[in-house]
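Undergrad: Sequence plus the predicted model coming up.
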Amino acid sequence: MERFGAKATKAAQAHSKAKMAESLKAELPVIEAEHKTVSFKFTCSRESGAAPLVLKRCSAGYGERVVLSNIDLEIHRGDKVAIVGPNGAGKSTLLKLLAGMIKPVSGEMILGHNAELRYFGQHQLEQLDGEATLYDTVAAHSASSDRTYIRNALGAFLFSGSAVDKKVKTLSGGEKSRLALATILASPGNVLLLDEPTNHLDIASIETLSESMASYAGTILFVSHDEYFISRLAARIIEVRPMRLRDFPGNLADYRYYVDKLFKEQDEAVTNKKSKSTPSANAVDEKETRIREREEKKKRDRETSKLELEIAKKEALIAEQESILNDPENALKYESLHAASEAIGALKKELDELMEKWVELGQ
Ligand SMILES: Nc1ncnc2c1ncn2[C@@H]1O[C@H](COP(=O)(O)OP(=O)(O)O)[C@@H](O)[C@H]1O
Ligand SMILES: [Mg+2]
C-alpha cells in the first residue's frame, strides 16, 4: 500500500490491499482462537468389497430432464476421488445416484459387498432435526454410545462445553455443516460421499476435515471447488461435463497438465481451420473458449487469495519480530535484537517478492 499508493495506476490496488489488510486483521484472531481442535480420526468400519460402487450404462435425472447419460464407472476400494466440473453439470446428481438417493432411469447401480455409505450434502443438512440437541444428533448415529467418544467427535468440529446442548435450530449454515460432518465422523462407514463439504467451513474446520479424510482407510468421493482440498486428497479426478464423464487416474496436477494440453491442442486446431469452420463448430469453439476464460479467471482469483493470505502471514511474522525489537525489555539483549533484525530483513525480501507477484496477477 505504501509503495503503490502514490502511483495512479496502482492506487486502486493499493486501496483494495488496505481493505484486505483490515479484513484479514479482523479475521486472524478468530483463526487463532479456533485452532485448538481435538484430533479425531474417521476410523473406517469393516472393509468393503473390492468394488464398493459400480455404475453400468446408467442414466439418471429428474423427471424428463436427463442429467447423466449412459455412464460406466467403477469405484475401487480405497479410491480418493474428486468430482469436478462446472455448475449444473451433474456433480451432485452423480453423488446422489451413488448414494442411492435417486434411482437410475436406465442401467444399473451396483452396491458392492459390505459397502457402508455415508452421504453429506445439502439435502442431509435440511433433514437435521431442529428440536434435537447437537449432542443427541451425533449420539443418534454414533458407532459408540460412549460420552467421551461423542464429545470428541463434536469437539473435532469445534463444538465443546455447553455448546453441545444447544438445539440444532439455533445453528448457522456453517455450524450445521460442521454438525453433519461430526455425525459422519462418529460413524464413518467405509465409503464417504461428500458434496461440497468445505462450503461454509472456517479454515480450522477445513483443516480438521482434510486431516481426518487423509487418514481415512475407506473410499472417498467428494465434490469440491477447493484447490487445496483437492490437491491434498484426490488421487483420481472425475470431471463431469454436461452429459459426459471424464475419468483421470491421477491427482490435480496431472489433471491440470492434461487439461492445459487439451486446450492448447484445441486452440491450435481452431487457428488452423478457422477460415473453413462452419458456424456451429464456431459456436462450440466459442463456448469452450468462454469456459476456459472463466476457468482461467477463477484460477487467477484463487491464486490472488492464496497470495493475499501468504502476504498477511508474512506481515504478521514481521510485526512479531518488530515487537521483539521494540520491547524495552530486550534493549540490552544484543543477540536477540540482531536475530530479529536479520529475520525482518529476510521476511521483507520475501514479502516484496509476494507483492510483485500480487501486482502482476492484478494486471
Ligand atoms: N431436484 C431437481 N429437479 C429438477 N432438476 C434438477 C434437480 N436437481 C438438479 N437439477 C438439474 O440437474 C442439473 C444438474 O444439477 P446438479 O447435479 O445439482 O449439478 P452440479 O452439482 O454439478 O452443480 C442442473 O441442470 C439442475 O438444474
Ligand atoms: Mg452440486
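TA: Cool, got the structure. Ligands and ions are numbered 1, 2, ... in the order given.

Undergrad: which bits of the stretch 1-150 of the chain sit near ligand 2?
TA: Within the stretch 1-150 of the chain, the positions adjacent to ligand 2 are 91-92 by Cβ under 5 Å from the ion. In short, each C-beta sits where N, CA and C put it, glycine included.

Undergrad: can you map out the strands along the chain?
TA: Counting by DSSP state E, the chain has strands at residues 53-62, 65-75, 80-84, 106-111, 117-120, 191-195, 219-223, 236-241, 244-248.

Undergrad: So in that sheet, which strands flank the first one, and in what orientation?
TA: Right, the one you point to is strand 53-62. Sheet pairing of strand 53-62 (DSSP bridges) gives strand 65-75 (antiparallel), strand 106-111 (antiparallel).

Undergrad: quick one, which of those is nearest to Ala346?
TA: Closest approach to Ala346 among these (Cβ to Cβ): strand 65-75, 47.3 Å.

Undergrad: Turn the strands paired with strand 53-62 into TSV, including distance to Asn272, mean pLDDT and mean neighbour count.
TA: Shown next, in TSV, are these (distance: least, Cβ to Cβ, whole Å; pLDDT from 0 to 100; neighbours: other Cβ atoms under 10 Å):
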stretch	distance to Asn272	mean pLDDT	mean neighbour count
strand 65-75	31	94	17
strand 106-111	39	96	15
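
Undergrad: Contact partners for the residue most central in space within the chain?
TA: By Cα atoms, centre = their mean, the chain has its centre lying nearest to Asp226, at 3.1 Å. Each residue near Asp226 by Cβ atoms under 8 Å, 6 or more residues apart in numbering is listed here: 198, 206.

Undergrad: how close does it get to ligand 2?
TA: Computed as Cβ to the ion, to the nearest Å, the Asp226 to ligand 2 distance reads 14 Å.

Undergrad: quick one, phi/psi of that residue?
TA: When read as degrees, to the nearest 10, the backbone of Asp226 gives phi -90, psi 110.

Undergrad: pretty sure Val240 contacts Gly88?
TA: No: assessed by Cβ atoms under 8 Å, Val240 is found out of contact with Gly88, at 9.8 Å.

Undergrad: between the two, who's got more neighbours?
TA: Val240 (24 against 11; other Cβ atoms under 10 Å).

Undergrad: ok, and the closest non-adjacent residue to that one?
TA: Excluding the flanking residues, the one nearest Val240 by Cβ to Cβ, 6 or more residues apart in numbering is Gly85, at 3.7 Å.

Undergrad: How many residues are close by Val180?
TA: Actually, residue 180 is Ala. It isn't Val. Here the number of neighbours of Ala180 (other Cβ under 10 Å) works out to 24.

Undergrad: repeat for the one 10 residues further on
TA: For Asn190, the neighbour count with other Cβ under 10 Å is 24.

Undergrad: Enumerate every residue touching it.
TA: Asn190 sits next to 44-48, 52, 77, 114-116, 218-219 when contact means Cβ under 8 Å, 6+ apart.

Undergrad: which helices and strands sit right next to the longest helix seen in the chain?
TA: Counting by DSSP state H, the longest helix found in the chain is helix 279-326. Contact analysis of helix 279-326 by 3 or more Cβ pairs under 8 Å, 6 or more residues apart in numbering; DSSP states H and E lists helix 8-34, helix 252-273, helix 334-362 as its packing neighbours.

Undergrad: From ligand 1, how far off is the nearest residue in space to Ala214 that is not next to it in sequence?
TA: Among residues not flanking Ala214 along the chain, Leu233 sits closest, at 6.1 Å (Cβ to Cβ, 6+ apart). Remark: distance between Leu233 and ligand 1 (Cβ to the nearest ligand atom, to the nearest Å) = 19 Å.

Undergrad: Can you give me the distance of Leu233 to ligand 2?
TA: Applying Cβ to the ion, the value for Leu233 to ligand 2 is 18 Å.

Undergrad: Spit out the contact partners of that residue.
TA: Leu233 touches 80, 82, 210, 213-214, 220, 222, counting by Cβ under 8 Å, 6+ apart.

Undergrad: Could you export those residues to TSV, including columns for neighbour count?
TA: Output for these, formatted as TSV (neighbours: other Cβ atoms under 10 Å):
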residue	neighbour count
Lys80	20
Ala82	25
Ser210	17
Met213	22
Ala214	13
Ile220	22
Phe222	26
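
Undergrad: Can you measure across stretch 57-76, start residue to end residue?
TA: The first residue of stretch 57-76 is 18 Å away from its last residue (Cα to Cα, to the nearest Å).

Undergrad: Report the contact partners of the closest residue to ligand 2 within the chain.
TA: Of all residues in the chain, Ser92 sits closest to ligand 2, at 3.2 Å by Cβ to the ion. Residues in contact with Ser92 (Cβ under 8 Å, 6+ apart) are 121-122, 195, 223.
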